[in-house]
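*Asks:* sequence and predicted structure are below.
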Amino acid sequence: MSNPQADRVRDIAKLRGRSARTKRGQFLVEGPQAVREALKAHLVKPVLDAVYITEAAYDRHEDIVELLEQVHGTPTPEPGRRVFMRVVTDEVLAAMADAVTPQGIIAVSFMVDSSLDILWGENAMNPRLVAVLSRVQDPGNAGTILRVADAAGADLVVLTKGSVDVYNPKTVRSTAGSIFHLPIVQGIELEDFAEDAKAQGTTVLAADGYGSVDVQQLVSHAAALRAGVEAQKPAGVKGSFDLSKPTMWLFGNEAQGLNAEEKAAASMRVAVPVYGSAESLNVGTAAAVCLYASAMAQRG
């Protein structure tokens, strides 16, 4: 494909906007790493609609070419359709892409949202570690938290109403392919969801710089419980909480943090300790500390 004004090119470029994504149920996947993970995911369960690659990228990424050969012509999630592939010029790719500097390959994927119905009950997911983005609006932060949640082995990522669209191209790029690795639920009402989680035995923790207990105290307390050592419970810990048990973390808006209602939905407010002179931590960095604390406690 060499015409950047072609109808197909224009249609793909429209996926940079939320209205087109919502209408078609598709989104852009840009760059070698993200497309690589999309191709792998498609071989497990169909997600892709099309892939476009430049000659230079085709010559550069042998592993992606092998995946393309396996995926080419396979069914898409839409009945009667097969995965479409074309080699395109740099100009065509640039006309499709959202990134300022495209990296030679773009895929069009169907949305991969999950349903709350899969979470609790017999033969359900029953997640042990959940990350909730509550009104997180920066695409980069949202993508980073999703990627961290994937790396920490979280079972689920949830975005509340008022959060960024997880299929925003910048968010997708920031996940580096992790968007295809774990279930994602969007548009939930936090209060109801938190109550459901508590009813299932999950402790809900709010990441809050002014929390009455900090992450290090929770880690030390969990280690003492695991070792069978008698240790004084941190003053801010409620009940018999153990960080190694099923936990849901709430992460708030970049500028405002968690509001009063969101904090009230949690069982405890937990701070990430700042040992140096920094005024605060970026929400993505705080999420990494919190999620890894839980992940390591759960793994002993």
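*Replies:* The structure has been received and is ready for your questions.
*Asks:* worst-scoring helix or strand of this structure, pLDDT-wise?
*Replies:* Sorting the helices and strands of the chain by mean pLDDT, DSSP states H and E puts helix 215-227 at the bottom, at a mean of 87.
*Asks:* buried residues, that one. List them.
*Replies:* Using 16 or more other CB atoms under 10 Å as the test for burial, helix 215-227 gives 215, 217, 218, 219, 221, 222, 223, 225. Using the backbone N, CA and C atoms, a C-beta is placed for each residue, glycine as well.
*Asks:* closest one of those to residue 285?
*Replies:* residue 215 (12.2 Å; CB to CB).
*Asks:* so what's the residue nearest to that closest one when sequence neighbours are not counted up against?
*Replies:* Closest residue in space to residue 215, ignoring its immediate chain neighbours: residue 293 at 5.0 Å, by CB to CB, 6 or more residues apart in numbering. Counting by CB atoms under 8 Å, 6 or more residues apart in numbering, residue 293 touches 215, 218, 219, 243.
*Asks:* and stretch 82-90, what's buried?
*Replies:* Going by neighbour count (16+ other CB under 10 Å), the buried part of stretch 82-90 is 83, 85, 88.
*Asks:* kindly apply the preceding question to stretch 243-260 instead.
*Replies:* By 16+ other CB under 10 Å, the buried positions in stretch 243-260 come out as 243-254, 257-258.
*Asks:* same check, this time on stretch 198-212
*Replies:* Residues of stretch 198-212 classed as buried by neighbour count (16+ other CB under 10 Å): 202, 203, 204, 205, 206, 207, 208, 209, 211.
*Asks:* ok so, going back, for the least confident helix or strand of the chain, name the packing helices and strands.
*Replies:* strand 268-271, helix 283-298 (3 or more CB pairs under 8 Å, 6 or more residues apart in numbering; DSSP states H and E).
*Asks:* so where's the stretch 151-300 of the chain uncertain?
*Replies:* Residue ranges of the stretch 151-300 of the chain with pLDDT under 70: 231.
*Asks:* sorry, back to before: out of the buried residues of stretch 82-90, which is nearest to residue 69?
*Replies:* Among the buried residues of stretch 82-90, residue 85 lies closest to residue 69 (CB to CB), at 9.6 Å.
*Asks:* before we move on, the earlier item: residue 156: which of the helices and strands packed on helix 215-227 is closest?
*Replies:* Closest among the helices and strands packed on helix 215-227, using CB to CB: helix 283-298, at 11.7 Å.
*Asks:* quick one, that closest one and helix 215-227 angle?
*Replies:* Here helix 283-298 runs at an angle of 10 degrees relative to helix 215-227 (axes from the mean of the first three to the mean of the last three CA atoms, to 10 degrees).
*Asks:* ok, back up a step: out of the buried residues of stretch 243-260, which are inside strands?
*Replies:* Using DSSP state E, the members of the buried residues of stretch 243-260 that fall within strands are 247, 248, 249, 250, 251.
*Asks:* can you give me the helices in the chain?
*Replies:* Using DSSP state H, the helices found in the chain span residues 7-13, 18-24, 32-44, 55-60, 62-71, 90-96, 139-151, 169-175, 190-199, 215-227, 260-264, 283-298.
*Asks:* between the ones you listed, which one is closest to residue 78.
*Replies:* Short answer: helix 18-24, nearest of these by CB to CB, at 10.1 Å.
*Asks:* which parts of the closest one are buried?
*Replies:* So helix 18-24, judged by 16+ other CB under 10 Å, has buried residues residue 21.
*Asks:* can you tell me how far the residue nearest to the spatial centre of the chain is from residue 278?
*Replies:* With distances taken as CA atoms, centre = their mean, the residue of the chain nearest its centroid is residue 146 (2.6 Å). Look at residue 146 and residue 278: by CB to CB, to the nearest Å, they are 24 Å apart.
*Asks:* hey, C-alpha coordinates of the least confident helix or strand of the chain in PDB?
*Replies:* Extracted C-alpha coordinates of helix 215-227, given in PDB (Å, rounded to 0.1, in the frame of the first residue of the first chain):
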ATOM      1  CA  VAL A 215       3.600   0.000  52.900                       C
ATOM      2  CA  GLN A 216       6.800  -0.900  54.800                       C
ATOM      3  CA  GLN A 217       4.800  -1.600  58.000                       C
ATOM      4  CA  LEU A 218       2.400  -3.800  56.100                       C
ATOM      5  CA  VAL A 219       5.300  -5.700  54.500                       C
ATOM      6  CA  SER A 220       7.000  -6.200  57.900                       C
ATOM      7  CA  HIS A 221       3.800  -7.300  59.500                       C
ATOM      8  CA  ALA A 222       3.100  -9.900  56.700                       C
ATOM      9  CA  ALA A 223       6.600 -11.200  57.100                       C
ATOM     10  CA  ALA A 224       6.200 -11.600  60.800                       C
ATOM     11  CA  LEU A 225       2.900 -13.500  60.400                       C
ATOM     12  CA  ARG A 226       4.500 -15.700  57.800                       C
ATOM     13  CA  ALA A 227       7.400 -16.600  60.100                       C
END
